[in-house]
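>>> whatever this is, show me its structure:
(chains A and B)
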Amino acid sequence: MIDLLTAPFVEFSFMRRALAGCVALSVGAAPVGVFLTLRRMSLMSEAMSHAILPGAAVGFLWAGLSLPAMTLGGLVAGLAVALLSGFVARSTVLREDASLAAFYLISLAAGVLLISARGSSIDLLHILFGTVLALDDDALVLLGGIATVTLVGLAVAYRPLVMECVDPLFLRSVGRASGPVHYGFLALVVLNLVGGFAALGTLLAVGLMLLPAITARFWALDLTGLMPAAVILALIASVAGLLVSYYASLPTGPAIVLAAGTLYLASMLLGPRGGLVWRLLPARHLEA
Amino acid sequence: MTAPLKHSLPGGTLHPAPGGTLVLRGLTLGYARHPAVHHLDGTILAGSLTAVVGPNGAGKSTLLKGIMGEIAPLEGEVGRSGLARQDIAYLPQAAEIDRAFPVGVFDLVAMGLWRRVGPWRSLKAYRAAVEAALAAVGLTGFERRPIGTLSGGQLRRALFARVLLQDARVILLDEPFAAIDARTTDELLGLVHGWHAEGRTVVAVLHDLDQVARHFPSTLLLAREAVAWGATQEVLTADNLRRARRLCEAWDEDAPVCRAPAAAARHDHPSHDQDHDHSHGHAA
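Purely as a prediction, here's the structure:
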């Protein structure tokens, strides 16, 4: 039994690499996802992952299926969209979601245009579903670097980030941290989406970021519980997805996200913090 | 009431004696070029306790935002006499607080320590100060309660505790007692008097004129322009109040460009010559 769980990783180095990449991604992206969901920006990351596409496409057209080129392109496109929409939201009447929607649609359309003009549908599949079973050293270094930057960034900006989430007006009134924190956080989102794009593809890049974070709300009450819970859930989903895809010969990216989705559905039903089952079996109220 | 806080804040509280005076010079604030506050001149003295009253739409909240620097003046300026942004504490009418965010009351209140602890310094040394601030607003025992479970009045109390910890020279309160029960209002008014006694400058937007008459020595009656500004009993006359209601007419989409030169506004602008010197008690 244990053998079934470990054998693929012991036997094949590509499985070990995939696992290492997914671990790095889980550790960095899941806490970012926790903040995203708490700020009601879940769908923002979905939009942002689309915004990354044209950058990745430009990198692809420039250098072929090269991870550094596609990553760099995605990073540039994602950061540009994040900064522009943040800037427009802060200096015009538009809210963040509206300005982001405008920019990501422009970006996505440009990306589709670029790929269909120059690439083939096989290339498109690569971009959409990623290359998790073919992670080379560069990719692993990249994923590890992104996870490190994310964790350090979150640790450094933790207090002002929480304040920006809870009461942005107050943070603006006591100092100048609000802008840098907001943009810094958006940069971390983009960074992790680009990392996810390398491992899982753009279409599913958001999966490991959001699903564990959303699921964590059924397991923990406050931030100090939500972030570790999200990381653990992401790790479980990664291992489970890799094993399922190995034994059933299924594509890895979707398998990992579906594993995370299964965890979500199970937690929604059974999670100790507001799971559906507990609603149906309410405990008697307290005295005070 | 704030005495325990003074002892529990490491380094003690500020002595806000120097600074804290706000000078409004031809201040015009507004939205899309339409003034909400029009050519306002006057001085809010350091250590004064001022109520801002006036009809809805008179520009009261806008004035506080202008003093804060949250919105930039269309014309004129606010002289803050060397006060930094952190020296002015501001309690907005409808705080933009995300009450669904999972933080506790302790953390919300401790935000007031930002100037002292910044992003990285430990809160450990300030634990007693936060407890004292919570005790001062009657929220002892609420430290670990998520902010989402507080009632409106309890949240208001928590925000007052945060202002306490901000230890600011100037405190701006925008309708701090709206929808608050009488007992809570009395307790919070006690805090306001405490701030006044400590020499802090306090400006509060209020609607309850009896409350203003009882607790606030000076009053600014605002209707886009200052109708009267000075000692409260001289400002809150039936005549002035009637005039304030009349002045605060509706939004005029096609209002002409205001030609009054900023500095000389009070002399050749028809609606300004009623109250030349608003700074101290000459109700027209």
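>>> secondary structure element holding residue 165?
Picked chain A for this. Taking DSSP states H and E as the definition, A:C165 sits inside helix A:158-166.
>>> my question was about chain B
Taking DSSP H and E as the criterion, B:L165 maps to helix B:152-166.
>>> how about that helix, which residues are buried there?
B:153-166 (16 or more other CB atoms under 10 Å in any protein chain shown). The C-beta positions use only the backbone N, C-alpha and C, and glycine is treated the same way.
>>> what's around B:R99, how many residues?
15 (other CB atoms under 10 Å in any protein chain shown).
>>> can you pull the contacts of the nearest residue to it once chain neighbours are set aside?
Leaving aside its sequence neighbours, B:R99 sits nearest to B:G148 (CB to CB, 6 or more residues apart in numbering or on different chains; 4.7 Å). Residues near B:G148 by CB atoms under 8 Å, 6 or more residues apart in numbering or on different chains: B:99-102.
>>> how about B:G148, phi and psi?
Per-residue torsions, B:G148: phi -70, psi -20 (degrees, to the nearest 10).
>>> B:A36: what secondary structure?
Recorded secondary structure, B:A36: strand (DSSP: H, G, I helix; E, B strand; the rest coil).
>>> tell me which stretches of the stretch 1-150 of chain B form strands.
B:22-31, B:34-44, B:49-53, B:75-79, B:88-91 (DSSP state E, counting those that start in this stretch).
>>> which residues of the chain score low on pLDDT?
In the absence of a named chain, chain A is used. Along chain A, the parts satisfying pLDDT under 70 run over A:65, A:119-133, A:198-200, A:202-204.
>>> wait, chain B was what I had in mind.
Low-confidence segments of chain B (pLDDT under 70): B:1-18, B:248-253, B:261-284.
>>> need the helices for it, in chain order.
B:3-8, B:60-68, B:105-110, B:114-117, B:127-136, B:152-166, B:182-197, B:209-215, B:232-235, B:238-247, B:265-268 (DSSP state H).
>>> now do the same for the residue of chain A positioned farthest from its centre: helix, strand or coil?
The C-alpha centroid of chain A is most remote from A:E287, which lies 42.5 Å away (CA atoms, centre = their mean). For A:E287, the secondary-structure state derived from three-state DSSP is coil.
>>> what are the structural domain limits within chain B?
If you go by automatic domain parsing, the domain ranges for chain B are B:21-82+B:216-274, B:84-205.
>>> who wins for proximity to A:L114 among those?
domain B:84-205 (38.3 Å; CB to CB).
>>> distance from the chain centre to the closest one, please.
Domain B:84-205 has its C-alpha centroid displaced from the chain centroid by 13 Å (CA atoms, centre = their mean, to the nearest Å).
>>> what distance separates the start and the end of that domain?
Domain B:84-205 stretches 22 Å from its first residue to its last (CA to CA, to the nearest Å).
>>> one step back: now the contacts of B:G148: which count as buried?
B:101-102.
>>> can you name the residues bridging to the spatially most central residue of chain B?
Nearest residue to the geometric centre of chain B (CA atoms, centre = their mean): B:L172, 2.0 Å. Beta-bridge pairing of B:L172 under DSSP bridges involves B:Y90, B:V203.
>>> that one touches B:W195, doesn't it?
No. Distance between B:L172 and B:W195: 11.5 Å, which falls outside the contact criterion (CB atoms under 8 Å).
>>> grab the nearest non-local neighbour of A:M227.
Spatial nearest neighbour of A:M227, chain neighbours left out: A:P31 (4.4 Å); criterion: CB to CB, 6+ apart.
>>> helix or strand: which one has that neighbour?
Taking DSSP H and E as the criterion, A:P31 maps to helix A:13-38.
>>> need the next SSE after that helix, C-terminal direction.
Assigned by DSSP H and E, the successor of helix A:13-38 is helix A:42-63.
>>> mind listing what's buried in that next one?
A:42, A:44-61.
>>> so who does A:G175 touch?
B:85-86, B:114-115.
>>> out of those residues, who's the most crowded?
So for the contacts of A:G175 (other CB under 10 Å), the most neighbours sit at B:W114, 22 neighbours.
>>> who's in contact with that residue?
So, once contact is read as CB under 8 Å, 6+ apart, B:W114 ends up touching A:163, A:171, A:174-175, B:86, B:166.
>>> and it, how close does it get to A:A177?
Distance, B:W114 to A:A177, using CB to CB, to the nearest Å: 8 Å.
>>> now for these two: what residues contact both?
A:163, A:171.
>>> near chain B, anything from stretch A:185-199?
No. Applying CB under 8 Å from any CB of the partner chain, one finds stretch A:185-199 out of contact with chain B, separated by at least 13.5 Å.
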